[in-house]
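Chemist: A structural model of the following input is requested.
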Amino acid sequence: MKKAHMAVDGVSLSKKVLVFCRRTKRFREIRENDHLRWSAEGTMENYKRSSVTCIGEDRINNLPEDLVDSILERVPFEDAVRTSIISKTWRYRWTEIRALVFDKTFSNKFAKNEAFGHNEFIKIINQVLTLHKGHILKFHLHIPNMSVDSFQEVDQWMLLLSRNGVRELILTSSNQRYELPSYVFYCLELTKLELENCFFKPPLEFEGFLNLEKLLLKDIDFGANLCGTKMNLPQLKTLSLYSCTNVYNFNIKATKLRNLTVIACPDAMLATLLSNLTKIRFFYIDAQFLKMFTAENIPKWFPHPVNSLRHLWFGKFQFGDLDQLHGVLCLLRNSPNLKTLTMNLEMEPQADIGPASSILKSPNSLDYKLCRLKTVEIRYLEGSIPELLFIKLLLAHSPSLQKFTIKPSRASNVQKRLEIAMKIMQFPRASTKAKMFYFGSLYYPFMQHANLSIAKG
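Modeler: Purely as a prediction, here's the structure:
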């Protein structure tokens with residue numbers, strides 16, 4: 001309870017500190033002088049700070065160190081620097097901030113006010129890092145569109161971080177793809193790593209991040225895997241891959257992984273991933289990933305079922321694509337403990353629905369009971385024959401089903417939605433407790449009819 005109370009006080013006091021700053025005459029002068037008067041040489045001009053008095057000044061000056069750190073980490077970096085005008089006690093507090101955030105908002109703010117020249121970004125961060133004291137536990141950097149030579153400076157910042165015990169690193173780039181220097185792979189105390197638009201090529205001697213718990217990689221090129229060994233991530237719990245290339249070279253060992261997201265990574269090998277990640281509970285994938293089933297010659301039954309999987313999410317699924325359909329049925333068949341299934345559908349124009357319909361009509365299409373499945377949600381339903389057959393299949397094979405939610409496509413009219421609802425009502429259900437929720441239009445309340453809840457929404 002004490003920590004929770006402290007957190008609330010931190011939020012409240014951080015707001016009071018900013019209000020206190022903004023009420024001083026000197027603060028107003030600084031606001032008028034365009035973002036701390038960062039000069040063309042990349043240095044902040046020294047100001048003669050006038051003394052300010054306030055009833056609450058003593059209280060602010062005597063705050064506990066950990067609470068001051070909490071306040072400074074909650075406000076934008078520019079405002080954290082501005083707290084130096086409060087008093088002599090606060091003058092250099094900002095140089096001890098453990099979280100430095102130079103994100104896209106930060107760089108855009110300078111660019112918008114025309115205070116962002118060719119080298120200004122680099123000079124600003126160089127000065128901040130030069131003045132900084134102590135450890136940097138969190139570093140968030142967005143590299144704007146600047147000269148490629150500037151990457152040498154970024155490399156030096158990564159070297160500095162590797163010597164400062166950084167635990168959270170977020171690195172994104174609007175420039176051309178940034179090749180991570182070897183220094184990043186020596187930040188062994190990292191617990192969170194997010195990278196966007198980078199080349200990810202660990203050095204040959206790199207064994208893994210032993211403390212990493214969350215890894216997000218977006219628009220990453222893994223290049224050639226020269227070492228051929230697995231990257232050890234023993235504490236990793238969440239892994240997200242978005243729009244990455246050469247993913248088959250991303251070979252990891254993550255025995256504690258619980259949440260896996262793979263979106264727009266067409267060369268990711270599903271069978272290889274699942275065989276190495278035995279404790280996944282949440283799995284989010286898109287259609288491109290499912291199509292790899294055919295390329296990998298996935299058998300009907302895995303050698304080892306994915307017993308840990310509880311929640312499965314499919315994005316941009318097309319019933320007209322037989323590779324995707326086989327992939328979904330295979331995953332359902334090999335996930336005996338699945339509890340939640342969510343599917344976002346995407347109708348392929350002029351798709352041949354005949355083959356998919358034939359598969360779903362076959363008694364062997366899903367020759368397995370989904371005994372643990374309790375919740376299903378299907379979004380953007382068009383009402384095609386394969387879609388309805390798939391719903392019928394799930395209802396017939398889910399004896400523990402409790403809730404089945406359907407959200408039709410906005411392109412369908414009211415009459416068609418009603419016709420779809422009537423057809424679904426006639427499907428037999430293996431579960432006597434299953435409730436169907438069909439959303440039509442947003443402005444009407446639920447209507448109960450024959451165990452089908454129709455919501456206009």
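
Chemist: where do the strands sit along the stretch 101-250 of the chain?
Modeler: In the stretch 101-250 of the chain, the strands defined using DSSP state E, counting those that start in this stretch lie at 138-143, 168-173, 178-179, 192-199, 214-221, 231-232, 238-242.

Chemist: Any stretches of this structure with poor pLDDT?
Modeler: Within the chain, the segments meeting pLDDT under 70 span 1-58, 89, 110-118, 146-150, 225-229, 270-277, 293-303, 440-457.

Chemist: Distance-wise, check R372 relative to W313.
Modeler: Remark: distance between R372 and W313 (CB to CB, to the nearest Å) = 16 Å. The C-beta positions use only the backbone N, C-alpha and C, and glycine is treated the same way.

Chemist: I143 now?
Modeler: With distances taken as CB to CB, I143 is found 31 Å from W313.

Chemist: With respect to V75, which of the strands of the stretch 101-250 of the chain lies nearest?
Modeler: Minimum separation from V75 across the strands of the stretch 101-250 of the chain (CB to CB) falls at strand 138-143, 14.0 Å.

Chemist: quick revisit: settle it for me: which of I143 and W313 has more neighbours?
Modeler: Under the neighbour definition other CB atoms under 10 Å, I143 and W313 were set side by side, and I143 has more, 23 against 16.

Chemist: That one and S174 touch, don't they?
Modeler: Yes. Between I143 and S174 there is a contact under CB atoms under 8 Å: 6.6 Å.

Chemist: quick one on the thing from earlier: a markdown table for the strands of the stretch 101-250 of the chain, including distance to S87?
Modeler: What follows is the strands of the stretch 101-250 of the chain, written out as a markdown table (distance: least, CB to CB, whole Å):
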| stretch | distance to S87 |
| --- | --- |
| strand 138-143 | 26 |
| strand 168-173 | 30 |
| strand 178-179 | 40 |
| strand 192-199 | 34 |
| strand 214-221 | 38 |
| strand 231-232 | 48 |
| strand 238-242 | 42 |
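
Chemist: what about L325, is that helix, strand or coil?
Modeler: Classification of L325 into helix, strand or coil gives helix, according to DSSP: H, G, I helix; E, B strand; the rest coil.

Chemist: you'd agree it is up against S362?
Modeler: No. Applying CB under 8 Å, one finds L325 not in contact with S362, separated by 11.6 Å.

Chemist: Please say which of those two ends up with more neighbours.
Modeler: With other CB under 10 Å as the criterion, L325 and S362 differ in neighbour count, and L325 comes out ahead with 22 against 11.

Chemist: which residue sits closest to the more buried one in space, ignoring its chain neighbours?
Modeler: Counting by CB to CB, 6 or more residues apart in numbering, the nearest residue to L325 once its immediate chain neighbours are dropped is A356, at 5.6 Å.

Chemist: And L233, by the same measure?
Modeler: Of all residues beyond its chain neighbours, the one nearest L233 is A254 (4.5 Å), with distances taken as CB to CB, 6+ apart.

Chemist: The one you found touches K214, doesn't it?
Modeler: No. Taking contacts as CB under 8 Å, A254 lies outside contact range of K214: 11.4 Å.

Chemist: where do the contact lists of those two overlap?
Modeler: With contacts taken as CB atoms under 8 Å, 6 or more residues apart in numbering, A254 and K214 have L236 as neighbours in common.

Chemist: Of those two, which one has the most company?
Modeler: Neighbours were counted for A254 and for K214 using other CB under 10 Å; A254 has more, 26 against 17.

Chemist: In which helix or strand does the residue nearest to G320 when sequence neighbours are not counted reside?
Modeler: Leaving aside its chain neighbours, G320 sits nearest to A351 (2.9 Å; criterion: CB to CB, 6+ apart). Remark: A351 resides in no helix or strand, with elements defined by DSSP states H and E.
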